[in-house]
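Novice: no sequence on this one, just coordinates:
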């Protein structure tokens, strides 16, 4: 997809004679000019608060913000735009579910199930809920390659399970988890399923109806959109019955000195002035991705993954973590023998190659796959090329030679 690279101003940066090679897309993606200019136009031409004014700018801004809900709903196959709640990020979306729904649902003696593979954002909220409710938190273990142990999952998900929370794709290993199998287990015991879709929505076709989950959360900044805008999708009937999370302006329909009545969906869960421009920027990012086609995004990443896996595997001093390439998307976490992952990342940076190092906010998973000190991680997206994979491999070889 070399033709899209011209749309990303950041890729024009150089480090001496070398161009920037950005391979940290699992953390955050770059933004195309189409998104940047869309947000710039909003601030220049129609900046106003929404749903509170009857003057022209406010009406225009309100319409654009409402249309952003509709755009996201179509993108993920939601039944209604009212099922789309804008938050700050995936983390806030999951916390919203844990507080607004978990506190009412989970009681002493109940069980919450998640997995060892989770990002901390889909682990700590459930630890906190279990502590508040005096419930048990149980973890589906992973196999040595980081895939979920489904045999153990069938034992762990029981009639006492109230919530099952799992990620769709691992941000560390790129593993695509068998969501349909977990959903089937959860539904047999009447448990709700909360899906962390931060690493799947940007990279593959995604439809909440087909997945059968009850909630799904993802972030705009991992899919070419701005930071500070996230999405929580929930089944409409659940959102209607759920308690509120934040209170204040916009999320109410009536206030008296004695109390308040909540607004209709989705405003019930969007307290205060929202990230209006962020939602509009996310809508522009979706336009950009759909013009390419999510099938093409996935195919491009797969080709880079295969090439990178082959090249790194040829180095006998490199250990790659995770499953076979047919069970993952464009993420590779690895270690260089005798070199700390932070040193690998610094060596890469000296050559203009940006990779992540550490536990990647998933420390229990790192420990489980035998990388207690973390890993270096390269993650690909639509603007990456095989030449950049070659630059990564060159940097890894230099890191071994100079630091190993």
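Specialist: Sure thing, it's come through. This structure is a prediction, so every number in the text was calculated from the model and none was measured.

Novice: who's in contact with the nearest residue to residue 235 once chain neighbours are set aside?
Specialist: Counting by CB to CB, 6 or more residues apart in numbering, the nearest residue to residue 235 once its immediate chain neighbours are dropped is residue 214, at 5.4 Å. Heads up, the C-betas are built off the backbone N, CA and C, glycines and all. Residues near residue 214 by CB atoms under 8 Å, 6 or more residues apart in numbering: 192, 193, 194, 234, 235, 238.

Novice: let's go with 6 Å and repeat that
Specialist: Under the criterion of CB atoms under 6 Å, 6 or more residues apart in numbering, the contact partners of residue 214 comprise 192, 193, 235.

Novice: Report pLDDT for it.
Specialist: Listed pLDDT for residue 214 reads 98.

Novice: and the gap between it and residue 110?
Specialist: Distance of residue 214 to residue 110, given as CB to CB, to the nearest Å: 16 Å.

Novice: Could you double-check that residue 281 lies in contact with residue 225?
Specialist: Yes: distance between residue 281 and residue 225: 5.3 Å, which falls inside the contact criterion (CB atoms under 6 Å).

Novice: that older thread, the residue nearest to residue 235 and residue 234: what is the separation?
Specialist: Taking CB to CB, one finds residue 214 at 7 Å from residue 234.

Novice: now do residue 351
Specialist: Here the criterion is CB to CB. By it, residue 351 lies 45 Å from residue 234.

Novice: Not counting its neighbours along the chain, what's nearest residue 130?
Specialist: Spatial nearest neighbour of residue 130, excluding adjacent residues (CB to CB, 6+ apart): residue 137 at 4.1 Å.

Novice: Just the ones of the contacts of residue 214 in strands?
Specialist: Of those, the ones assigned to strands by DSSP state E are 192, 193.

Novice: Out of the contacts of residue 214, the closest to residue 18 would be?
Specialist: Here the nearest of those to residue 18, counting by CB to CB, is residue 193; it sits at 45.0 Å.

Novice: Tell me the pLDDT of the closest one.
Specialist: 98.

Novice: Do I have it right that it meets residue 181?
Specialist: No: the pair residue 193 and residue 181 fails to qualify as a contact (CB under 6 Å) at a distance of 11.4 Å.

Novice: So the two - more neighbours on which side?
Specialist: For the pair residue 193 and residue 181, the greater number of neighbours falls to residue 193 (22 against 13), based on other CB atoms under 10 Å.

Novice: and the gap between the more buried one and residue 271?
Specialist: 26 Å.

Novice: Look up how far residue 173 lies from residue 313.
Specialist: Distance of residue 313 to residue 173, computed by CB to CB: 15 Å.

Novice: circling back to that earlier point, what is in contact with residue 214 and residue 234 at once?
Specialist: When contacts are counted by CB under 6 Å, 6+ apart, residue 214 and residue 234 are jointly contacted by no residue.

Novice: one step back: neighbour count for residue 313 and residue 173, which is higher?
Specialist: Just comparing residue 313 and residue 173: by other CB under 10 Å the higher neighbour count belongs to residue 173, 29 against 13.

Novice: which residues sit in contact with the closest residue to that one other than its chain neighbours?
Specialist: On the basis of CB to CB, 6+ apart, the spatially nearest residue to residue 173 that is not a chain neighbour turns out to be residue 322, at 3.3 Å. Contact analysis of residue 322 by CB under 6 Å, 6+ apart lists 146, 173, 175, 328.

Novice: Tell me the most packed of those, by neighbour count.
Specialist: The most neighbours of any of these, using other CB under 10 Å, belong to residue 173, which has 29 neighbours.

Novice: quick one: what helix or strand has that one in it?
Specialist: Assessed by DSSP states H and E, residue 173 sits outside every helix and strand.

Novice: mind checking how far it is from residue 91?
Specialist: Using CB to CB, which is the criterion applied here, residue 173 is 20 Å from residue 91.

Novice: Check residue 342 too.
Specialist: Here residue 342 is placed at a distance of 24 Å from residue 91 (CB to CB).

Novice: Which residues does the nearest residue to residue 244 once chain neighbours are set aside form beta bridges with?
Specialist: Closest residue to residue 244 in three dimensions, ignoring its sequence neighbours and counting by CB to CB, 6+ apart: residue 262, at 5.8 Å. In this entry, residue 262 is beta-bridged to residue 252, by DSSP bridges.

Novice: do the same with residue 22
Specialist: Per DSSP bridges, residues listed as beta-bridge partners of residue 22: residue 354.

Novice: Is it in contact with residue 354, as I believe?
Specialist: Yes: counting by CB under 6 Å, residue 22 touches residue 354, with 5.0 Å between them.

Novice: Looking at these two, which is more packed in?
Specialist: For the pair residue 22 and residue 354, the greater number of neighbours falls to residue 22 (23 against 17), based on other CB under 10 Å.

Novice: residues in contact with residue 108?
Specialist: Contacts of residue 108 by CB under 6 Å, 6+ apart are residue 134.
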